[in-house]
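Participant: Only the shape, not the letters, is given here:
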């Protein structure tokens, strides 16, 4: 791994996760600013956090930003889906959610969807309806049980993850994803399995990526997210990146920058 050869490495003892999840102790955090050019060449700022599950080690280009909370935006579709499934608002990944006939700015939203396509195309109206059905009391309780970010769902029930008070850091995203991967969240294993299937983003002979994007357009500056994990034959690498978004034209950079660094570190070919 190139991590050990990086010239500007800062090793810091730290913790990741909560007491509710086994093995929360990080042996060491390694910080390197050598990833920064992957952001600055696009005239933006951002952070990537990588977590090696086998070695229980974390890596980032910016420890300060890795701990900074941001609006989760559509990455919140992961816990929203888990709660909706577990409470029965969503029967399974095949249930069809009918288009309400209202045309919206994103053409892919203007049709019927199931959970998989609603996740893939990040269909906000469907998830807003999930939140309304879940209700404030149950939503607040489940977010606290998940230990998700700052656990503050104040704001509008059907948009707090877009413009409310909730904040989550890249390191907290990693902790949440690790518990999901290991079926350690306080919902049924079935619900976790279905959501992980819906998160499938890429699969080939070398790796599988399960992930979710997010775009906090109502934040200042706007924030882009890509969070998930890479499944290899013999290991799993979790990742969470966020970046300042100069405009919507930069949305593809969320995946592009992350994959550039995954390739740099020889995690994917």
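Facilitator: Structure's in. What do you need? Keep in mind that what you see is a predicted model, and the values were worked out from it rather than measured.
Participant: What separation do you get for residue 153 and residue 135?
Facilitator: 11 Å (CB to CB, to the nearest Å). C-beta here means a position set from N, CA and C on the backbone, and glycine is covered the same way.
Participant: So for the two, which sits in the more crowded spot?
Facilitator: More crowded of residue 153 and residue 135, by other CB atoms under 10 Å: residue 153, with 22 against 12.
Participant: Show the pLDDT at that one.
Facilitator: Note for residue 153: predicted pLDDT of 98.
Participant: what does residue 29 give?
Facilitator: 86.
Participant: That one: how many residues sit nearby?
Facilitator: Neighbour tally, residue 29, other CB under 10 Å: 21.
Participant: Just say helix, strand or coil for it.
Facilitator: Under DSSP: H, G, I helix; E, B strand; the rest coil, the three-state class of residue 29 is strand.
Participant: Identify the bridge partners of it.
Facilitator: residue 12, residue 58 (DSSP bridges).
Participant: Tell me which other helices or strands the host helix or strand of residue 192 touches.
Facilitator: Residue 192 is part of helix 189-198, with elements assigned from DSSP states H and E. Here helix 189-198 touches helix 77-86, helix 115-120, helix 170-181, going by 3 or more CB pairs under 8 Å, 6 or more residues apart in numbering; DSSP states H and E.
Participant: right, and the helix or strand after the second one?
Facilitator: Put plainly, it is helix 115-120. Using DSSP H and E, the helix or strand that follows helix 115-120 in sequence is helix 124-134.
Participant: Now the element after that next one, going C-ward?
Facilitator: By DSSP H and E, the next helix or strand past helix 124-134 is helix 136-145.
Participant: Buried residues, that next one. List them.
Facilitator: Neighbour-count burial for helix 136-145, with 16 or more other CB atoms under 10 Å as criterion, is recorded at 139-140, 142-143.
Participant: Repeat that for stretch 237-254.
Facilitator: Those would be 237-245, 250, 253-254, for stretch 237-254 by 16+ other CB under 10 Å.
Participant: quick one on the thing from earlier: okay, the helices and strands packed on helix 189-198 in JSON lines with mean pLDDT, distance to residue 44 and mean neighbour count next?
Facilitator: Output for these, formatted as JSON lines (pLDDT from 0 to 100; distance: least, CB to CB, whole Å; neighbours: other CB atoms under 10 Å):
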{"stretch": "helix 77-86", "mean pLDDT": "98", "distance to residue 44": "24", "mean neighbour count": "24"}
{"stretch": "helix 115-120", "mean pLDDT": "98", "distance to residue 44": "25", "mean neighbour count": "20"}
{"stretch": "helix 170-181", "mean pLDDT": "98", "distance to residue 44": "15", "mean neighbour count": "24"}
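Participant: That's all I had, so thanks and see you.
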